[in-house]
Structures are given as structure tokens and as C-alpha cells.
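Visitor: Okay, predicted coordinates and the sequence, questions at the end:
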Amino acid sequence: MEKLLLLAMNGLIWGLIIALIALGLAIIFGLLDIINLAHGDFFMVGTVLAWATLQSTGNFWLAFIAAPLIGFILGALIQRLVIQPIHNVAALSIVATFGLSLILQESVRITFGPTPRRILPPIQGTVPLFGIDYEVYRLFAAAVAIVAIGGFFLFLHRTQLGTWMRAVRHDRDTAIAMGIPAQRVYVLTFAIGFALACVGGVVAAPITTVDFRGGVDILPFCFMAVIIGGLGNLPGTAAAAILLAFLEGVIQSVANPTVARISSLVLMSAVLLLRPQGLFKGFAR
Amino acid sequence: MSAATAINRVMMAAFAAFLVSVPWSVPALINSFWVSVIAEILIWSLFAASVNLLFGCVGLLSFGQALYFGFGMYGVAIGISDLGLSFWPAFGLGIVASMAMALVTGIFAVRLTWHYFAIITVVFSLIFYFLALSNKWLTGGDDGINFTLPPTFTFGGTKWALTDPTFQYFFILTTVALCFWLMHRLIGSPLGKAFLAIRDNDVRASLIGLNVYLLRLIAFVLAGFLAGVAGALFAFFGRYASASYMFYHVSGEAVVWAIVGGAGTLFGPIVGTSIFIIVREVVSSHWEHHGLIVGIVAILVVMFAPKGVVGLWRQWLTSLSERTVTPADAAPVDIKLRTEP
């Protein structure tokens, strides 16, 4: 029972972090209509930036400012230099982002090194929670993820830029006719997607290992969340990420992690075949 | 005969002559290591061709072809090491296993198109990747299965086996050439034309009475066949099978090779695969970070040659014939619709 609770909690918190990363993937997918195979590596860059900040300044908290900022700039540059010239053609963007993923992984391998490293949680200690001692840092990570997700939705619905993003996604031609600079919105979207993945990376860095291959496992999981939540359904994506990770945590308490992963993949195939519009169609728009 | 066709024919003949002479010319010019690199390129070209058949001819982007490649590999490896089969039955088992798997998964997968199709193929391949990883008793997991090669042909006392590098090269070349020839015939056949019709507009294709679902399923099984043959050949070539070849990165590489070479063209997969494997082999002996070069090449090609290298080549040929031939003869060639070499 305690093991179940612990794994379920871990799953829930991991789900919140994945939700953050998957939201970035979902806006890139939804607005630019490209399958971004480099998104897992955006997360990986976030974990490496957290490690680099800790090494150079000795202060982990600075990474929460530095990593999203660097991610935002990198994202904007990549969109302008690579994605825009190929005119968002889906098949080509897959090749381009695959190349991008290799470039990011290799650059990190050159600079950071091939060996995985660990970051000690900046908040040590445990706290009793429902009869188990739970790590404080994980609770903090959950809080950061919730704040970031909330902030993102506020940005999307309460600011002019956010409204522009929704407008371009809804009807690109009308948006342009109304004077919305669609090209700049694309750059912004890609940059925000990268920045969100970096925040996820910083939060997750003390929980997982920092490794140049760290994004490879994250990518399918994020895609599962985007699909199960329904393409373009952002609250659905976040909910699906949390649900999936929570379920995997629960299944892990009775079976090994591989079985848990296989069951969520089977669940996803069922959703794709039976409800390709996503599990939550009708609940949110 | 226009200048363009003449150039193409000369290139084809030179390419064929080169491939046949590889076991003698390459060791003389570079070294014998490159013979096995070229054999490997041939196998992976066939794998890229399976992506190309689905994407270039039917318009379905599969990110899970590694699954059928893996089944071809495991069919051979399990057939030889566990069931004690000889060469040809093991080869057959690998191909049948991958085609059967393509049929079973295809029944579900081809109900979906585009993004959804790309993702469900990844999901299917991931499911079996994890199953292969966890069922170590059957698949050997990440370490894989090693096996000793049985002889290919036995005539009385003489044995022909893939342990002879020259025989192995010609065995791979013949098998791959046969598959490409079959694909060439397929594209020219009514079935191939139906595939192209679906790629260009599936609604219209269904309106003229084509069974879009069934045709897509046929294409999916045929692509599974190509990937299965490639996987079986690779198992013979490396004398082992491993779950790591079923991971989605392997499928992704094939997609990149096919698109960089030129999707929808017969020679695109060969060109794309050659570029990437040659870059990898040349760079990796000097510098371990060859992935960086591969990534940059992939991005540069999609930016400057969106129709792939073969597309670029055709564009160049067209502009050449436009200069030499009188304008009346030089009908613009729609690169996207041309599928023969």
C-alpha cells in the first residue's frame, strides 16, 4: 500500500512535469503543424542548462531564469533559420527536426560529455505525507510545474500575444487580414515551446539524470499525451499527461516499468483507433 | 532520345557496372572494409525503400518500419538458433513473420492517415520494442541473439556460405536488386498506378471505385515485406539480431534517408542511404561526433533540395534539356508525379 502510494505520487508529479513539456509540443504541433522530433531534446537541453548553471554559479535557482531564457532564444533562432525556410511542410519538418535532434544531442555530448550525471535536489529532506516520508523537492517540483502550466494558460487567454497565438491557430488567413503578424507568432510559438520544455528540464533535473540521451524516452510520452488529449486540445493534453504518468505509476506498483509502459502504449492505440479526436473531446475546447 | 534520358541511361549502366565490380575494384582502390560498407548500404537502402513505398507511393508516413525490420531479423535468428532451421527456411520465416506482423498491425493502422498514422506506427513499434526488451528468454533483449550461419547452397560436397565475403556481397546484391526490380514493376503496374492515385487524392481515388483501405493495406504489407527482407539480410550479414534495431530511431533514420534521397523515386532511398552511411563511415573514423554532420546534412538538404537529391538531379536534367532542345519539345516534367528512374 505504501509502495503504491509512493509510486502513484511519483507518477502524478512526473505527469505534471511531462504536461509542461507536452504543452510546448502541443502548441508547436497545433500552430505550426509540424511533428517536432527534437522536442525531447529541448527538455534534455533544459536539464543540461540546469547542471551548467549549478556548476558555474553554484546556485540552482538561477537555472529557472537562465534555462527558459536561453531556450526561448534558441527556439526563436531555430524557427527563423531552419523551420521557416522549409515553409512548414510537414514531411520536410520531420526530417529537419530529426536533424536538429541529432545536432542538439551531439553538441551536448561534445560539451557536456557522454557520461550521465546527477544533480542533488536543492531542497533536501522528507516530509510525512499520508503515512509515507515523501521527498520535499518532488512536492516543490509539482508546485513549479503547476505554476508554470497556470502561467502559460493565463498568458494564452489573458494577453494580446496569447490571443494572437490562438487567433492564428484558429484561422490563419483571417488573422493575417486582421493585421496579426503571423510569421512573428510562429517564431514566438516555437520559442515558447522550447522554453516550456527547458523549464520542465530544470524542474526534472534533480529527479532524473542529466544525460545527452535524456530526451529520447520523453518524446514518445509527450506525443502520447498530445494524442490522447486530442490534437490542439491544450487542457486535454495536460490532463492526459498527468493521467498517463499516474497510471504508469500505479501499474508499476504491481508490475515492472516495462509492463507499465506497454499498457499505456496499448491504451494509446485504443484511443487513436476509437477516439482519434482525443479522450476529452466535448469536455474542453 | 533526349539528352536527359541518355545521361540517365549512362549513369544507370555505370552504377550497375560499379555494383557488380565492387568485390574487386573497391579493395584495389580503397580497401576491403568498404565492400562490407557497400553491402550494408544495399541492405539499408532496401529498408529505406520500404518507407519510400508507403510515403512516396501511397502517401502514408510510417515511423514504425523498424518493427518489420526487427521481425525479419528475429525470424532468421530464432529460426536458426532456437528452431534449428537451415538457411532458406530461416530466411522464409523472417519474411513471413514480418509480413504477418505488417498485416495484423496494418489492419488497424491504415484506418488512420497522416499524423495519426505516423504516430500509431510508432506506438506499435514501441510496444513490440518493449516486449522484445522484456522477454529476454526469446529475444535476448538488448544483447540480442548470436547465431552461426548455416550454408546457403550445398551441392554434394561443395558448400556456399555467407562466410565467404564475395559470395555474401553478391547474395545481398542479388536479393536487393531483385526487390528493387519488383518495386519498379509494381510502380508500373495497375496496382502501382492505384497507389499513386491514392497518394495524390484519396477522395478522388475512392470516387473512381478504388478500395482505398484495401489498397493501403496491400501497400503496408508490401512495405513490411521489403523491411522484412532487409532485416533478414541484416541478420545474416551481422550474424545476430537485437531489440535495439526495433527502436523508433531506426525507423526515423529510414524516413530521413528516403526523404533526403527523394521520396517517391525508385533511386531516392539508395541515394539518401548512401549519402548518410558514407558520411558516417568517413567521419566516424576521424571524429566520434558524426551525428552532428548527419544532422546538418539532413537540415541542409530539406532547406535547399526539398524534393531530395534525386529531385534536384531531375531539375538539373530538365534545365539541361530545355537549353538544348527546342522549347516546343521541352514539356515541363512534373517531378512529383514521375516515379520511374
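Guide: Happy to help now that I have it. Residues are numbered from 1 along each chain as shown, chains lettered A, B, ... in the order given.
Visitor: hey, where'd the strands end up in the chain?
Guide: Just so you know, I chose chain A. Remark: strands assigned in chain A by DSSP state E are A:126-129, A:132-135.
Visitor: was after chain B, sorry
Guide: With DSSP E, the ranges of strands along chain B come out as B:145-146, B:153-155, B:158-160, B:240-241.
Visitor: Tabulate those (CSV), appending mean neighbour count.
Guide: Just so you know, the C-beta spots here come from the backbone N, C-alpha and C atoms, and that holds for glycine as well. Shown next, in CSV, are those (neighbours: other Cβ atoms under 10 Å in any protein chain shown):
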stretch, mean neighbour count
strand B:145-146, 18
strand B:153-155, 11
strand B:158-160, 12
strand B:240-241, 25
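Visitor: Could you export those strands as a markdown table, including distance to A:G230 and mean pLDDT?
Guide: Below are the strands of chain B laid out as a markdown table (distance: least, Cβ to Cβ, whole Å; pLDDT from 0 to 100):
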| stretch | distance to A:G230 | mean pLDDT |
| --- | --- | --- |
| strand B:145-146 | 41 | 82 |
| strand B:153-155 | 56 | 74 |
| strand B:158-160 | 57 | 75 |
| strand B:240-241 | 38 | 86 |
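Visitor: now these in TSV, with distance to B:I293?
Guide: Output for the strands of chain B, formatted as TSV (distance: least, Cβ to Cβ, whole Å):
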stretch	distance to B:I293
strand B:145-146	31
strand B:153-155	41
strand B:158-160	39
strand B:240-241	28
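Visitor: TSV for the ones you listed, including distance to chain A?
Guide: Shown next, in TSV, are the strands of chain B (distance: least, Cβ to the nearest Cβ, whole Å):
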stretch	distance to chain A
strand B:145-146	19
strand B:153-155	41
strand B:158-160	40
strand B:240-241	19
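Visitor: For B:W313, find the nearest of those.
Guide: strand B:240-241 (36.0 Å; Cβ to Cβ).
Visitor: Check the offset of that closest one from the chain's centre.
Guide: Chain-centre distance of strand B:240-241: 19 Å, with Cα atoms, centre = their mean, to the nearest Å.
Visitor: Contacts for that strand next, please.
Guide: B:70, B:73-74, B:76-78, B:139-140, B:144-147, B:235 (Cβ atoms under 8 Å, 6 or more residues apart in numbering or on different chains).
Visitor: And the strands of chain B: which comes nearest A:G71?
Guide: Evaluated over these, closeness to A:G71 peaks at strand B:240-241, with 39.7 Å, by Cβ to Cβ.
Visitor: which parts of stretch A:165-178 are buried?
Guide: A:M165, A:R166, A:A167, A:V168, A:R169, A:A175 (16 or more other Cβ atoms under 10 Å in any protein chain shown).
Visitor: And for stretch A:80-90?
Guide: Buried positions in stretch A:80-90, judged by neighbour count with 16+ other Cβ under 10 Å: A:V82, A:I83, A:Q84, A:I86.
Visitor: What parts of the stretch 51-200 of chain B come near chain A?
Guide: Within the stretch 51-200 of chain B, the positions near chain A by Cβ under 8 Å from any Cβ of the partner chain are B:55, B:61, B:108, B:111-112, B:114-116, B:118-120, B:122-124, B:126-127, B:130-131, B:133-134.
Visitor: Swap in 7 Å and give it another go.
Guide: Taking Cβ under 7 Å from any Cβ of the partner chain as the contact definition, the stretch 51-200 of chain B meets chain A at B:61, B:108, B:111-112, B:115-116, B:118-120, B:122-124, B:126-127, B:130-131, B:133-134.
Visitor: Could you pick out the residues of the stretch 151-285 of chain A near chain B for me?
Guide: Within the stretch 151-285 of chain A, the residues that sit near chain B (Cβ under 7 Å from any Cβ) are A:220, A:223, A:227, A:258, A:261-262, A:265-266, A:268-269, A:272-273, A:276.
Visitor: If we use 8 Å, what do you get?
Guide: Contact residues (Cβ under 8 Å from any Cβ) of the stretch 151-285 of chain A with chain B: A:216, A:220, A:223-224, A:227, A:231, A:256, A:258-259, A:261-262, A:265-266, A:268-269, A:272-273, A:276.
Visitor: filter the residues you listed to the buried ones?
Guide: A:216, A:220, A:223-224, A:227, A:231, A:259, A:261-262, A:265, A:268-269, A:272, A:276.
Visitor: of the residues you listed, closest to B:T265?
Guide: When these are compared against B:T265 (criterion: Cβ to Cβ), the nearest one is A:F223, at 29.2 Å.
Visitor: Quick one: residues contacting the nearest residue to B:V221 once chain neighbours are set aside.
Guide: Residue nearest to B:V221 in three dimensions, not counting chain neighbours: B:A102, with 4.8 Å by Cβ to Cβ, 6 or more residues apart in numbering or on different chains. Applying Cβ under 8 Å, 6+ apart to B:A102 gives the contacts B:Y68, B:F220, B:V221, B:A223, B:G224, B:F225, B:A227, B:G228.
Visitor: what's the spacing between B:A102 and B:L54?
Guide: Separation of B:A102 from B:L54 (Cβ to Cβ, to the nearest Å) stands at 10 Å.
Visitor: what's the overlap in contacts for those two?
Guide: Listed as contacting both B:A102 and B:L54 by Cβ under 8 Å, 6+ apart are B:F220, B:A223.
Visitor: The spatially closest residue to A:V216 that is not a sequence neighbour: how many residues sit nearby?
Guide: Closest residue to A:V216 apart from its sequence neighbours, by Cβ to Cβ, 6+ apart: A:G40 at 6.0 Å. Using other Cβ atoms under 10 Å in any protein chain shown, A:G40 has 26 other residues around it.
Visitor: if I read this right, A:G40 contacts A:R213, doesn't it?
Guide: No: taking contacts as Cβ atoms under 8 Å, A:G40 lies outside contact range of A:R213: 9.3 Å.
Visitor: Just the pLDDT for A:N88.
Guide: As predicted, A:N88 sits at a pLDDT of 63.
Visitor: What of A:S101?
Guide: 91.
Visitor: Identify the residues contacting the closest residue to it other than its chain neighbours.
Guide: Spatial nearest neighbour of A:S101, chain neighbours left out: A:A38 (4.1 Å); criterion: Cβ to Cβ, 6+ apart. Counting by Cβ under 8 Å, 6+ apart, A:A38 touches A:T97, A:F98, A:L100, A:S101, A:L104, A:G215.
Visitor: Output the residues you listed in TSV; the columns should cover neighbour count and distance to B:L196.
Guide: What follows is those, written out as TSV (neighbours: other Cβ atoms under 10 Å in any protein chain shown; distance: Cβ to Cβ, whole Å):
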residue	neighbour count	distance to B:L196
A:T97	25	28
A:F98	25	26
A:L100	24	31
A:S101	26	31
A:L104	24	37
A:G215	27	37
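Visitor: so what's B:F234 closest to, chain neighbours aside?
Guide: Nearest one to B:F234, counting by Cβ to Cβ, 6+ apart, is B:I43 at 5.1 Å.
Visitor: I am finished for the moment; much appreciated.
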